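Participant: Build me a model:
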Amino acid sequence: MNLKLMDRYIDKYIRYLDVEKGYSRHTILNYSKDLSEFKAFLGERALETVDYLALRKFLSVLRERNLKSRSISRKLSCLRSFFRFLNREGLLKFDPAKAVSNPKLEKHLPKFLTEEEITRLIESPDSAKLSGLRDRAILETFYSTGMRVSELVGLNLEDIDFFSGVVKIRGKGKKERMAPIGEKALAVLRDYAQKRKNNLPAVFLNKNGGRLTDRGVRLILDKYIRSTALREDISPHSLRHSFATHLLNRGADLRSVQELLGHANLSTTQIYTHVTMDKLKGVYDKAHPRA
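Facilitator: The predicted structure follows:
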């Protein structure tokens, strides 16, 4: 196979993801790795000869490496998008990935905290100290908006409308959305912004005055999980899961939660119905005369 031609196709596709689709650097890096892995699998075989059977063989090789179904599914999604792009651009006459089905995914229910655990966690920082006030603002913002860690660390002061109670969130694929933010979170954010004594655009700063990183947020959360003796399997994403679960438990509809979370597809949000079903079953067992 002409390896230089394959490299040229990959470069053209990656530029398309970056410039036209606006994918994040993280996603582009993963797709680049997936395509390099597929190129190595093909060896000298011409891309034009790749068919359904060749792709099934590639997926079999991935399974032999004991990759999880979710990882295999992501790699297949990358190949589907790649071949669709080549076919649409006229670089390939047909799309061999069309007929390949996704592997069956293992179902992992999201981990979340109870409302009581959330309260204990949020109220644990010492707000008398500037670092504690910042940490309280981080926890309040997480739970009030359900935003991702990357969205939280990318937040700027100009993104927060303290008067209207809304915040502009920069999500995946450079998409922006407006989301409501609660009064308790706004009050702590306002207090922190006034006391931190600098005019940098980033909302959350580290001890050196720079923008806080994803890893920095993880370390902060770990600190308060230990001090409040909460479960060790809790991550920043667990606060996002808690946000969604508590909204649904209190009667919010799935479409609204989808918008608040910034999910492109409703199917991504539907995993929370499995979680809230436990509560519904509990109510049913207590209330129905023949439960």
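Participant: all contacts plus neighbour counts: C-alpha atoms, from now on.
Facilitator: OK.
Participant: And the helices in the protein, which stretches?
Facilitator: Using DSSP state H, the helices of the chain run over 3-15, 25-42, 52-64, 69-88, 115-122, 130-145, 149-153, 183-195, 214-227, 236-249, 254-261, 266-269, 271-287.
Participant: Could you tell me the least trusted of those?
Facilitator: Mean pLDDT per stretch puts helix 271-287 lowest among the helices of the chain, at a mean of 68.
Participant: returning to what we had before: need the helices of the chain in a markdown table with mean neighbour count and distance to Phe163, can you?
Facilitator: Compiled in a markdown table, the helices of the chain are given as follows (neighbours: other C-alpha atoms under 10 Å; distance: least, C-alpha to C-alpha, whole Å):
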| stretch | mean neighbour count | distance to Phe163 |
| --- | --- | --- |
| helix 3-15 | 15 | 40 |
| helix 25-42 | 15 | 33 |
| helix 52-64 | 14 | 52 |
| helix 69-88 | 18 | 41 |
| helix 115-122 | 16 | 23 |
| helix 130-145 | 22 | 16 |
| helix 149-153 | 19 | 20 |
| helix 183-195 | 16 | 9 |
| helix 214-227 | 16 | 27 |
| helix 236-249 | 21 | 23 |
| helix 254-261 | 18 | 19 |
| helix 266-269 | 14 | 30 |
| helix 271-287 | 13 | 32 |
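Participant: out of these, nearest to Val100?
Facilitator: Across the helices of the chain, Val100 has its closest neighbour in helix 52-64 (6.6 Å, C-alpha to C-alpha).
Participant: circling back: any chance of JSON lines for the helices of the chain, columns distance to Asp161?
Facilitator: Converted to JSON lines, those look like this (distance: least, C-alpha to C-alpha, whole Å):
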{"stretch": "helix 3-15", "distance to Asp161": "35"}
{"stretch": "helix 25-42", "distance to Asp161": "28"}
{"stretch": "helix 52-64", "distance to Asp161": "47"}
{"stretch": "helix 69-88", "distance to Asp161": "37"}
{"stretch": "helix 115-122", "distance to Asp161": "22"}
{"stretch": "helix 130-145", "distance to Asp161": "13"}
{"stretch": "helix 149-153", "distance to Asp161": "15"}
{"stretch": "helix 183-195", "distance to Asp161": "9"}
{"stretch": "helix 214-227", "distance to Asp161": "23"}
{"stretch": "helix 236-249", "distance to Asp161": "21"}
{"stretch": "helix 254-261", "distance to Asp161": "17"}
{"stretch": "helix 266-269", "distance to Asp161": "27"}
{"stretch": "helix 271-287", "distance to Asp161": "29"}
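Participant: now for these, which one comes closest to Gly173?
Facilitator: helix 25-42 (8.7 Å).
Participant: who does the closest one touch, helix- and strand-wise?
Facilitator: The contact analysis (3 or more C-alpha pairs under 8 Å, 6 or more residues apart in numbering; DSSP states H and E) places helix 25-42 against helix 3-15, helix 69-88.
Participant: would you list those in TSV and tack on distance to Leu53?
Facilitator: Shown next, in TSV, are the helices and strands packed on helix 25-42 (distance: least, C-alpha to C-alpha, whole Å):
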stretch	distance to Leu53
helix 3-15	20
helix 69-88	14
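Participant: Arg215: which of these is closest?
Facilitator: helix 69-88 (22.7 Å).
Participant: What is that closest one packed up against?
Facilitator: Packing contacts for helix 69-88, counted by 3+ C-alpha pairs under 8 Å, 6+ apart, involve helix 3-15, helix 25-42, helix 52-64.
Participant: Serialize those helices to TSV and add fields for distance to Ala97.
Facilitator: Below are those laid out as TSV (distance: least, C-alpha to C-alpha, whole Å):
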stretch	distance to Ala97
helix 3-15	16
helix 25-42	13
helix 52-64	6
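Participant: Mind checking those for the one nearest to Val153?
Facilitator: helix 25-42 (15.2 Å).
Participant: Give me the distance from that closest one to the chain's centre.
Facilitator: Centroid separation between helix 25-42 and its chain, computed with C-alpha atoms, centre = their mean, to the nearest Å, is 20 Å.
Participant: which other residues reach that helix?
Facilitator: Contact with helix 25-42 is made by 6, 10, 14, 17-18, 58, 75, 78-79, as judged by C-alpha atoms under 8 Å, 6 or more residues apart in numbering.
Participant: same deal with stretch 151-159?
Facilitator: Taking C-alpha under 8 Å, 6+ apart as the rule, stretch 151-159 contacts 138, 141-142, 167-171, 201-204, 211-214.
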